[in-house]
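Asks: Here is a sequence with its predicted model. Questions after.
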Amino acid sequence: MPKSKSAPDFRKQKTKLGKGKQVKQNATDTSFKSRSIALPNQSILDDKAGAGPTTRRRLGLDDLLVQLKHYSSATRKDGLLGLRELLGASPELMRPNLSPLINALVRLIADDDPTVRRTLHSLTSFLLPRLPASDLPPYIPLLLLFTASALSHIFPEIRLDAVKFLDILIDVVPDAVVDGWAGRGAGGGGKRVLECYLALLNAKGDDEGPAKGSTTTTTASAMFTLTPPSRLIVLSSLASFLRASLFPTPLSSSGTPSIPTWPFASSFRTPSAYNLFASALSPSSSSSAPTVRWSERRGLGADEWEDFIGAFDTPVGPGTAWGVAELAKMGDLLRGEGMVTGAEGGAADARRKDVAALAQSLHATLVSTFLDCAPTVFSPSPEASSNTHLGSVCAVGKIARELYGALLREGGTDNFPASVKARENLAILLGHMAPYFPFGSNALHQRDAQSESQLQELNLAYCELVSLLVLASDGAHANAKGKGKARSRGEKALAGQAEHVCTWVVHALRGELTTPGQPLASPLPPSVYAALFPTCWSLLNLPPPSTAPVEVFDALLEHWRQANLRGEGKRLAAEVFGRIYLLQHDSAYTGRFVVRNGSELDKKLREWALGLPRLLWELGANAPPTSALILIILHSLALRRALPSSDETLPRSLAPFFFVRHPSRGPIPGPFAKLPGDVRRRALEVGWYMWGTQEGGAAGGALRDAVREALKAEGMEEERSCRATAKTDATESRRQSSFPNSSYHYKHFPLLPKMDEPLEKAWDGGKANAFAISKVPDVSFILDRKVRILLPKAYDDRTVDIRTIYGGRNIHKEVYKHYKEKVSWNYAKRNYVSNDGIGQPERNQFLGPDAYIMGYELVKRDVLGIVILDKALGETWKGIVPKEIVLGRQ
């Protein structure tokens, strides 16, 4: 039997080719692995206690700016939120770190993540309005560059968010955004921004439009179609852009509603006459234009002549040859000053051309948007998307009002192709809007307050557009040729629209409008009344076959009676009737609305004017702006002799406003004593002028006595005593400084040495022939030789200015011209006419409340002094003769 083999105790493993040495089974593995944890937002090694303000996560400004460059969208969003928290808690960090902030934020305008873009919009809407306007100009080009880049992005979501960012820039720096379009310069980005708007709206520009058929517009049209909410965003932003570019000045700089004066512009012969009328009822007027005053000399030196020429803005300097290019520049300069007008060229023509091209490009978009949204908005039953469509319809109304308003207000009555096309497009749009007017009146459901406000604004826009088209078409049809039947149909349609608008306006002025949200009629708010006035003025100027002028005038008068006595509506209504009254006595007025003497409208206007003193009494001290406006109106009426001088009703009814002597209660100060100082000065001006024109009648005497009693009333005596004390102290100090070693006393003019006889009278007009220094003299006194005249500076400063007047000139007029000159507010101690600090005062305002020239006295050979009579103070005074004149050194 064969012997069996047993297994070996240790088996040797054979190694294979290409295999490494095998690890022993009892070998110990000593290898290890390690991992690190990165914490970029915190470190125990950094001491941030003294590093400045930080967020709740102990992140400073530099840390947050670094996060804005992170690849993670969540980190970028956290960085923006941290900046909002840090700048809100430490606003002092904004201005010193503005440069790194702007450079970091602009790169996120076109960020891929929508949450980052929304957070950026929230941060910039918080940051930019809180920065001073002077800090932003260096960064505006950078902001506009990245915004325009995002507006032309390939993704539509980024474009829409860029529109929202652009809205912030329009609110903060509107001039910079619109610069470069509509005659507002050539170096801005306004034209580029407008191209982006047209691209978003799929409105292809024509050869003359802003886009000019650009590939950007056509490519955008083929890429996507706006949804209703997105279209609302773009249209609303475009309306804001047009408002900032075409009508940058608000109605009132003080923030309160004001009556617009542009409807009157076409009713005056010249722009200067319109500007004078527009500023007639303003508290003060100022001019920023430089002036050069001609001194009374026989000539000017070389240096003075260069200064005189240099003060004027000319295309070329002195001594330079004039070529064709320079003459063209001079034409543009004169056209800008309103001295030369033309149909082509100039900034106004460029503006009109740009606006006309844009209106043509947007016409189809506006009409299609209205037709898409109007059936949903104005249906009797509500729909879920009606608010979005309502916003789009209101945006269409705003855009149409801005575009066609700018075109038709500025030369829209001519027959140039652009004007004709604008009137045709506007007529088409109004034809689609007319069936729904008044907007929202047929709704069976109650709308919210925001929707009611939008509908009211849409009604106002429609009324203004109809009124503009009526005025423009009325002037253009006179010279139109051909297409008689088509024009007659258009005229009939426009007449029906105007009649419909007139009915709505009359109901609005009378407070008879009702809506489902307001079943009870309510009075017209002041802002709506101010916005409605252009429509009212257009209806007042309709041709005679229409009864709209009488109906609208009566409605305006009824609104005047119903307006709240102390409210803003009363002031606006007073301004409306004040301007209507002044127009009837303006020689440069060429409008159609004329109130004939003896007519019913004339009687109503006179009744309104005669009721102003009573309104002043009723107002008291409760509405100083309204009282000041009424006083300005009364003063303007008195200056223009709008009321006959034989009518004593106005001065007699104005006397109780100053002072009343009751039979049983005794003397009672009127509301005059309770008004602010500037309003009291206006009241004194009106009173003094009226009693001067009614000097021979009993009414003038009653008014004069009331004003004098008011001057003695509570508070005014103290003012006069302080004035007298200041006058005495100032006179004594001037006497001692001018004549330290003399015994002359201040009585009239200081007498010449060893001369006690009275001064010789060169001209003695007396109180009867004295003329007011502030008014053009209606008397003359011709000099027979050259004289020097001493002109006192002020009532509180009796020093004099020495002027030379040559023979053959009217000395009264030369004195008037001297005191009519503008000076600074620190010219003398006190201005007796105005102290509001607006504009430049005149020299005559420092001579006293009511200064008159009563005569001239011969101080020395060929040297005259002035005798001034102040009728308000009942005082006659003169200036101090300079020491050099007394001693013969001059």
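Replies: Perfect, thanks for sending it. Numbers count the residues shown, from 1 in each chain.
Asks: OK, contacts around Arg614?
Replies: Residues near Arg614 by CB atoms under 8 Å, 6 or more residues apart in numbering: Ser653. Quick note: C-beta positions are derived from backbone N, CA and C, even for glycine.
Asks: One more pass at 10 Å, please.
Replies: Each residue near Arg614 by CB atoms under 10 Å, 6 or more residues apart in numbering is listed here: Ser653, Leu654, Pro656, Phe657.
Asks: Check Trp504 too.
Replies: For Trp504, the contacting residues are Phe437, Pro438, Ser441, Asn459, Tyr462, Cys463, Leu513, Leu532, Thr535, by CB under 10 Å, 6+ apart.
Asks: Quick one: the helices in the stretch 301-450 of the chain, in order.
Replies: Secondary structure of the stretch 301-450 of the chain by DSSP state H, counting those that start in this stretch: the helices cover 302-310, 324-336, 346-377, 386-409, 417-433, 449-476.
Asks: For stretch 419-433, list every residue counted as buried.
Replies: For stretch 419-433, burial by neighbour count (16 or more other CB atoms under 10 Å) applies to Ser419, Ala422, Arg423, Asn425, Leu426, Ala427, Leu429, Leu430, Met433.
Asks: same check, this time on stretch 447-456
Replies: Those would be Arg447, Ser451, Glu452, Gln454, Leu455, Gln456, for stretch 447-456 by 16+ other CB under 10 Å.
Asks: pull the helix or strand with minimum mean pLDDT from this structure.
Replies: For the chain, the helix or strand with the lowest mean confidence is helix 716-738, at a mean of 38 (criterion: mean pLDDT, DSSP states H and E).
Asks: circling back: among the contacts of Trp504, which ones are buried?
Replies: Buried by 16+ other CB under 10 Å: Phe437, Pro438, Asn459, Tyr462, Cys463, Leu513, Leu532, Thr535, out of the contacts of Trp504.
Asks: Distance to Phe247 added to the residues you listed, as TSV?
Replies: Shown next, in TSV, are the buried ones among the contacts of Trp504 (distance: CB to CB, whole Å):
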residue	distance to Phe247
Phe437	24
Pro438	25
Asn459	19
Tyr462	18
Cys463	17
Leu513	26
Leu532	17
Thr535	17
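Asks: Which one of the residues you listed is nearest to Thr365?
Replies: Nearest to Thr365, judged by CB to CB, of these is Tyr462 at 18.3 Å.
Asks: Run through the residues that contact that closest one.
Replies: Tyr462 sits next to 397, 400-401, 429-430, 433-434, 436-439, 497, 500-501, 504, 535 when contact means CB under 10 Å, 6+ apart.
Asks: let's see 7 Å
Replies: Listed by CB atoms under 7 Å, 6 or more residues apart in numbering, the contact set of Tyr462 reads Gly397, Met433, Phe437.
Asks: show me where the stretch 701-850 of the chain has strands.
Replies: 760-764, 771-772, 787-794, 797-805 (DSSP state E, counting those that start in this stretch).
Asks: The one helix or strand Phe277 maps to packs against which elements?
Replies: Phe277 belongs to helix 271-278 when assigned by DSSP states H and E. With contacts taken as 3 or more CB pairs under 7 Å, 6 or more residues apart in numbering; DSSP states H and E, helix 271-278 sits against no other helix or strand.
Asks: Recalculate using a threshold of 10 Å.
Replies: Packing partners of helix 271-278 (3 or more CB pairs under 10 Å, 6 or more residues apart in numbering; DSSP states H and E): helix 568-583.
Asks: just how off-centre is the helix or strand following the helix it packs on within its chain?
Replies: Reading on from helix 568-583 to the C-terminus, the next helix or strand found by DSSP H and E is helix 600-610. Here helix 600-610 is found 32 Å from its chain centre; the criterion is CA atoms, centre = their mean, to the nearest Å.
Asks: Against Ile811, how distant is Lys786?
Replies: 11 Å (CB to CB, to the nearest Å).
Asks: Between those two, which contacts overlap?
Replies: Here Lys786 and Ile811 share the contacting residues Ile805, scored by CB under 10 Å, 6+ apart.
Asks: So which of these two has more stuff around it?
Replies: Taking neighbours as other CB atoms under 10 Å, Lys786 and Ile811 compare with Ile811 leading, 21 against 13.
Asks: Quickly note the distance from the closest residue in space to that one that isn't next to it in sequence to Tyr856.
Replies: Nearest non-adjacent residue to Ile811, counting by CB to CB, 6 or more residues apart in numbering: Phe781, 5.1 Å away. Remark: distance between Phe781 and Tyr856 (CB to CB) = 8 Å.
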